[in-house]
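Asks: All I have is the shape, not the residue letters:
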């Protein structure tokens, strides 16, 4: 088996499309395949787009960096507010507002029920 393996012609692999071929004749033949041509076109297009993608990613990082800084500032403000007790005041006010809304809804529901029952009579 070692002799048989040694006797086989070496296989080369195309760097562009990954097709395996034997010798120069195989290389010339495989370059005419549609798949090789398609991979060539795709790789050329990728090379054209790569700088534009890098520019876009850089712009996105800068853009997100600004928003990240703003988020960090808000977090630090919240921490300061909590330390000063303002957070508790805000949450109490929020709770009061929620309970008022709840009460107004329940009042309107009660009134609607009364009106319906009066209409039935």
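Replies: Right, received. Where do you want to start? As the structure is a prediction and not an experimental result, all values here were calculated from the model.
Asks: from here on, contacts and neighbour counts on C-alpha atoms
Replies: Noted.
Asks: Figure out how far the longest helix that the chain contains is from the centre of its chain.
Replies: Criterion DSSP state H: the longest helix present in the chain is helix 34-84. Here helix 34-84 is found 10 Å from its chain centre; the criterion is Cα atoms, centre = their mean, to the nearest Å.
Asks: Point out the other helices and strands that it packs with.
Replies: Using 3 or more Cα pairs under 8 Å, 6 or more residues apart in numbering; DSSP states H and E as the contact test, the elements touching helix 34-84 are helix 86-120.
Asks: From the centroid of the chain, which residue is nearest?
Replies: residue 60 (12.4 Å; Cα atoms, centre = their mean).
Asks: how near is that one to residue 72?
Replies: Separation of residue 60 from residue 72 (Cα to Cα, to the nearest Å): 18 Å.
Asks: Buried residues of the helix or strand bottoming out on mean pLDDT in the chain, list them for me.
Replies: Taking mean pLDDT, DSSP states H and E as the measure, the chain has helix 86-120 as its least confident helix or strand, at a mean of 72. For helix 86-120, burial by neighbour count (16 or more other Cα atoms under 10 Å) applies to no residue.
Asks: repeat for stretch 8-27
Replies: Neighbour-count burial for stretch 8-27 [16+ other Cα under 10 Å]: 17, 19, 21, 27.
Asks: And those residues, which is closest to residue 67?
Replies: Closest approach to residue 67 among those (Cα to Cα): residue 17, at 42.0 Å.
Asks: ok so, going back, select from the buried residues of stretch 8-27 every entry located in strands.
Replies: The strands, defined by DSSP state E, take in residue 21 from the buried residues of stretch 8-27.
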